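In: Can you look at this prediction? I've put the sequence above it.
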Amino acid sequence: MYPFKNVKLAVAPIAWTNDDMPELGAEYTFENCIDEMALAGYVGSEVGNKYPKEPAVLKAALDERGLQICNAWFSSFLTTKPLEETVEAFIKQRDFLHALGAKRIGVAEQGHSIQGLMDVPVIDQKPVFSEEEWHRLTTGLNRLGELAAEKDMKVVYHHHMGTGVQTTAEIDRLMEQTDPNKVFLLYDTGHLVFSGEDHVMILKKYINRIFHVHLKDVRQEVMETVKQEKLSFLQGVRQGVFTVPGDGMIDFDPVFKVLSEQGYEGWFVVEAEQDPALANPLEYAKMARSFIKEKTGL
Ligand SMILES: O=C1C[C@@H](O)[C@H](O)[C@@H](O)C1=O
Ligand SMILES: [Co+2]
C-alpha cells in the first residue's frame with residue numbers, strides 16, 4: 001500500500017463524451033456524466049465541452065454532487081501565433097478556473113500538433129520544434145506561469161502524443177528552458193508509455209515540478225497495432241489504446257511508490273478516453289476507483 005495525505009481523486013469527462021471526437025459519447029448529457037462520476041466515488045472533475053460555460057451554474061451543479069473542478073486543458077499556440085493571442089485566451093481560461101476554485105491549468109502547445117488529425121500517423125509525423133519555436137514556447141510559457149501566479153494558480157505543462165513536447169528529450173528541454181518557479185509539469189502515465197519513454201525515470205527526475213497527475217493505462221496490443229499500421233492518435237483512441245489504471249500494461253506500483261515517498265499532494269485524475277459504447281464509463285470509473293483504493297487506500 002502506498003499512502004497519501006493530501007491527495008484527492010478526480011475523473012475526466014472524456015471517458016463519457018470525447019472532446020476530440022464528440023461523436024463518441026454524444027448521447028451522454030452533462031448531468032449523466034457528473035451523476036456517474038459522483039456515483040463511482042470521485043470528488044473532482046476536469047472540464048468537458050458539455051459543461052456549462054458560466055462558472056456559477058457549473059459550480060452549483062458540481063456542488064450538488066460533491067464534485068470540484070481541479071484543472072482544465074488549455075491549448076497554447078505559442079510557436080505559431082502571436083503571443084498576445086495565447087495570452088488573451090489564457091487569461092479567460094485562468095479566470096474561469098479561478099472562479100471555480102481550481103489551482104491548476106494544464107497547458108499543451110498545439111502549434112503544429114497532429115493530435116487532432118484523423119489520418120496523420122502519430123508515430124512518424126509528430127512535430128519537431130525549431131530553435132526559434134523552442135524560444136517562443138519557453139518564454140511564452142514563463143509568461144503564462146506569471147499570469148497563473150497572479151491568481152495563486154500554476155501552469156502544469158501536459159506533454160502529449162503527436163505534439164512537439166512528447167519525448168524525454170523534449171520534456172527535458174522544456175523543463176530546462178522554463179523557469180522552475182513559473183512552469184510545472186503535468187505527469188500523464190499513458191502518454192509517456194505510448195511514446196515509449198521511461199515514465200518512472202521521468203517521475204523521479206521531475207517529482208519536484210510535478211503538480212498534477214493523469215492516471216491513464218495503455219493496452220499494449222492496441223499500441224503495437226497503432227505503431228505497426230501507422231495509425232493516427234485519434235484512430236488509436238477509437239481502437240482502445242487507452243484504458244483506466246489497472247486495466248492495461250502499466251505497472252502502477254513504482255508510480256504510486258515514488259509519488260507517495262516524495263509526499264505528492266494535489267489531485268490524481270483518472271483519464272481514460274476510449275469508446276464509451278465499448279467501455280461503459282461508469283463501470284470503468286468504478287474499476288479505476290477500486291484499483292486506486294487497493295493500491296493507495298484513498
Ligand atoms: O489530458 C488530456 C486531454 C485530452 O483532450 C487529450 O487528448 C488526452 O489524451 C489527454 O491526455
Ligand atoms: Co492527460
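Out: Received it, and whenever you're ready, just let me know what you need. Numbering: from 1, shown residues only. Ligands and ions are numbered 1, 2, ... in the order given.
In: Which residues of the stretch 1-150 of the chain lie near ligand 1?
Out: 14, 19-20, 73 (CB under 6 Å from any ligand atom). Glycine gets a C-beta too; all of them are placed from N, C-alpha and C.
In: what's the burial count for Lys216?
Out: 26 (other CB atoms under 10 Å).
In: picking up where we left off before, show me which of the residues of the stretch 1-150 of the chain next to ligand 1 are buried.
Out: The neighbour-count test (16 or more other CB atoms under 10 Å) marks 14, 19, 73 as buried among these.
In: For beta bridges, what are the partners of the last one?
Out: Read it as Trp73. Gly106 (DSSP bridges).
In: Farthest-apart pair in the residues of the stretch 1-150 of the chain next to ligand 1, please.
Out: Asp20 and Trp73 (10.1 Å; CB to CB).
In: still on that earlier bit, lowest-confidence entry in the buried ones among the residues of the stretch 1-150 of the chain next to ligand 1?
Out: Of all these, Asp19 has the smallest pLDDT value, namely 92.
In: Helices of the stretch 1-150 of the chain, start to end?
Out: 30-39, 55-64, 83-99, 131-149 (DSSP state H, counting those that start in this stretch).
In: could I get the ones you listed as a markdown table with mean neighbour count, mean pLDDT and distance to Ile114?
Out: Formatted as a markdown table, those follow (neighbours: other CB atoms under 10 Å; pLDDT from 0 to 100; distance: least, CB to CB, whole Å):
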| stretch | mean neighbour count | mean pLDDT | distance to Ile114 |
| --- | --- | --- | --- |
| helix 30-39 | 18 | 98 | 28 |
| helix 55-64 | 15 | 98 | 31 |
| helix 83-99 | 16 | 98 | 19 |
| helix 131-149 | 18 | 99 | 15 |
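In: closest to Asp247 out of those?
Out: helix 30-39 (17.5 Å).
In: Which elements pack onto the closest one?
Out: In terms of contacts (3 or more CB pairs under 8 Å, 6 or more residues apart in numbering; DSSP states H and E), helix 30-39 is packed against helix 55-64, helix 281-296.
In: Could you point out which of those sits nearest Phe252?
Out: helix 281-296 (6.2 Å).
In: for the closest one, the distance to its chain's centre please.
Out: 18 Å (CA atoms, centre = their mean, to the nearest Å).
In: next one: stretch 72-92
Out: Averaging C-alpha positions (CA atoms, centre = their mean) puts stretch 72-92 17 Å from its chain's average.
In: is it anywhere near ligand 2?
Out: No: Stretch 72-92 does not reach ligand 2 (CB under 5 Å from the ion); its nearest approach is 7.9 Å.
In: What's the end-to-end length of that stretch?
Out: Distance between the boundary residues of stretch 72-92 (CA to CA, to the nearest Å) amounts to 12 Å.
In: Equivalent analysis for stretch 13-33, please.
Out: Stretch 13-33 end-to-end distance (CA to CA) = 7 Å.
In: ditto for stretch 7-19
Out: 26 Å.
In: ok, now stretch 263-275?
Out: End residues of stretch 263-275 are separated by 34 Å (CA to CA).
In: just stretch 93-106 next, same as before
Out: Its first and final residues considered, stretch 93-106 spans 10 Å by CA to CA.
In: May I have the helix or strand where Leu234 lies exported as PDB, CA atoms only?
Out: For Leu234, the host element (DSSP states H and E) is helix 233-239. C-alpha atoms of helix 233-239 as PDB (Å, rounded to 0.1, in the frame of the first residue of the first chain):
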ATOM      1  CA  PHE A 233      -3.600   9.300 -32.300                       C
ATOM      2  CA  LEU A 234      -7.400   9.600 -32.700                       C
ATOM      3  CA  GLN A 235      -7.600   6.200 -34.500                       C
ATOM      4  CA  GLY A 236      -5.600   4.700 -31.700                       C
ATOM      5  CA  VAL A 237      -8.000   6.200 -29.100                       C
ATOM      6  CA  ARG A 238     -11.000   4.800 -31.100                       C
ATOM      7  CA  GLN A 239      -9.400   1.400 -31.100                       C
END
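In: same for it, what does it pack against?
Out: So helix 233-239, by 3+ CB pairs under 8 Å, 6+ apart, packs with helix 220-228.
In: Mind listing what's buried along the helix it packs on?
Out: Judged by neighbour count using 16+ other CB under 10 Å, the buried positions of helix 220-228 are 222-223, 225-227.
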